[in-house]
Structure formats: C-alpha cells, structure tokens
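1. Here you go, sequence then predicted model.
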Amino acid sequence: MARKKTITRDQILEAAYEVVAKEGFSRFTARNIAAKMKCSTQPIYLEFKNMDDLKQALLKEIFDYLAAEVLPKEHSGDKLVDLGFNYIEFATKEKKLYKALYLEENLGDKSIQKFSFDYFVKLVQQDPEYKDLPEDKLSSLYTGFWIIVTGLAALTSANIMKPTDKEINVLLTETIKNLTNNDDKLNQTFSGFKFH
C-alpha cells in the first residue's frame, strides 16, 4: 500500500513564499523551506524536479498575486499613475519580498523584468490615452516610469523619504506627461537605458 502524502505542493509553495517574503531569495534552499514546514527535504523533491522548478512555480504564484491583488488597485483614475502608487505601496508594505524580487540578483533570470514589462504594456494598451504610442515612445515611457517609481519605492521602503500621495501623484503624472509628449531629448535619454 502506497503511503499517503502528508505535505502537499501548496504547503511547500506557502513555506517557500514565507522564506522569500521574510528572508529573500538568498535563503531559498530546500533545507530552509523544509525547516519552515518542520520536515525533511524529501517532500520538496517528490513534488518538484529540483529547486529551480520550485522557484519557477513560486514566481508564477507571486506574479499572479501581484497582477491580481497588488498592482491593479485604483487610486487616481489614471492606470499608469495607479500602477506607480501600487508598486510603491508594495515596496513599503512588503519590504522583504519587494527587495527579493526587484533589488536582489538571486533570481538568476529576467522573469521579474519580463513580468513588469508585460504588465506595463498590457496596461498601456488598455488605455486610450497611451495605446497608440509608437514602440520607441512606449519603450522610453516604460524605462523612465520604472526608473522614477523604483527610486521612489526604494527610498520610501528604506524610510529615507516619505512623500505624500499628492506628491507621488504629481511626480508620476508629470513624468508620464513629459515622456508621452514630444520631448525628444527626454525620450532619447530613456531609450538609451537598458534593463539587464
């Protein structure tokens, strides 16, 4: 008779999430995840081929969470401004997870950049104000927008700055306006930056 599984895939993913959300990807090991569940590492390797397989499953869960619950909240009525607010709020409320995803190098791939870019493009294409932007302007809008919101998120998360909602709204609105208007010098500057 086969033994019944006592630790499920969902429990492993939940423990892996807790490790990353509290300690970052530098602590993302089978031993640390197993310790969180108070078991051996065997259940992890019964459910997942290897740790990379577990990491990809975890990232999918995190990206689904960001796309469904964190990033789409409405604040101002402007989808891009709202995205900036939500990203900054996420960095402030879930500091360790934000740092693990956006500031650590331990992901080993470009999945967070791809997720962020794809989410941004999908959002822009839904908004009549931005949907007809040429590809070069879309690219510079994305780059300029992420530079500004990542700077604000990092500074706010580290308690170095505490901008008000009004200040954030003005800064994001003006940045978006300048990047979507015909400011060729600004667009050329941001089109020269590349995310690695």
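-> Here it is on my side, so go on.

2. Would you map out the domains in this structure?
-> Annotated domains of the chain cover 1-61, 71-196 [automatic domain parsing].

3. residues in contact with the one helix or strand E18 maps to?
-> Under the criterion of DSSP states H and E, E18 resides in helix 9-23. Contact partners of helix 9-23, identified using Cβ atoms under 8 Å, 6 or more residues apart in numbering, comprise 27-28, 32-34, 36-37, 43-44, 47-48, 54-55, 57-58, 61-62, 94, 96-97, 100. For the C-beta atoms, the positions are set from N, CA and C on the backbone; glycine is no exception.

4. ok, and the closest non-adjacent residue to I148?
-> Nearest non-adjacent residue to I148, counting by Cβ to Cβ, 6 or more residues apart in numbering: T175, 5.0 Å away.

5. oh sorry, the question was meant for K99
-> Once flanking residues are discounted, K99 sits nearest to G24: 6.3 Å by Cβ to Cβ, 6+ apart.

6. Contact partners for that neighbour?
-> G24 touches K96, K99, A100, E104, N106, counting by Cβ under 8 Å, 6+ apart.

7. pLDDT at the first one, what is it?
-> What it means is K96. On pLDDT, K96 comes in at 92.

8. Quick one: buried ones out of the contacts of G24?
-> K99, A100 (16 or more other Cβ atoms under 10 Å).

9. Mind putting the contacts of G24 into CSV with distance to L83 and secondary structure?
-> Shown next, in CSV, are the contacts of G24 (distance: Cβ to Cβ, whole Å; DSSP: H, G, I helix; E, B strand; the rest coil):
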residue, distance to L83, secondary structure
K96, 21, helix
K99, 19, helix
A100, 20, helix
E104, 22, coil
N106, 25, coil
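
10. The protein: helices as residue ranges?
-> In the chain, the helices defined using DSSP state H lie at 9-23, 30-37, 42-47, 51-65, 79-93, 95-98, 111-126, 135-157, 165-180, 184-191.

11. just to revisit the earlier point, for PyMOL, write the select line for the buried members of the contacts of helix 9-23.
-> Buried subset of the contacts of helix 9-23, written as a PyMOL selection, criterion 16+ other Cβ under 10 Å:
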select buried, resi 28+32+33+34+36+37+43+44+47+48+54+55+57+58+62+94+97+100
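
12. Low-confidence stretches in this protein?
-> 1-5, 105-108, 182-196 (pLDDT under 70).

13. swap the cut-off to 90 and go again
-> 1-7, 24, 26, 75-77, 102-113, 125-141, 144, 175-196 (pLDDT under 90).
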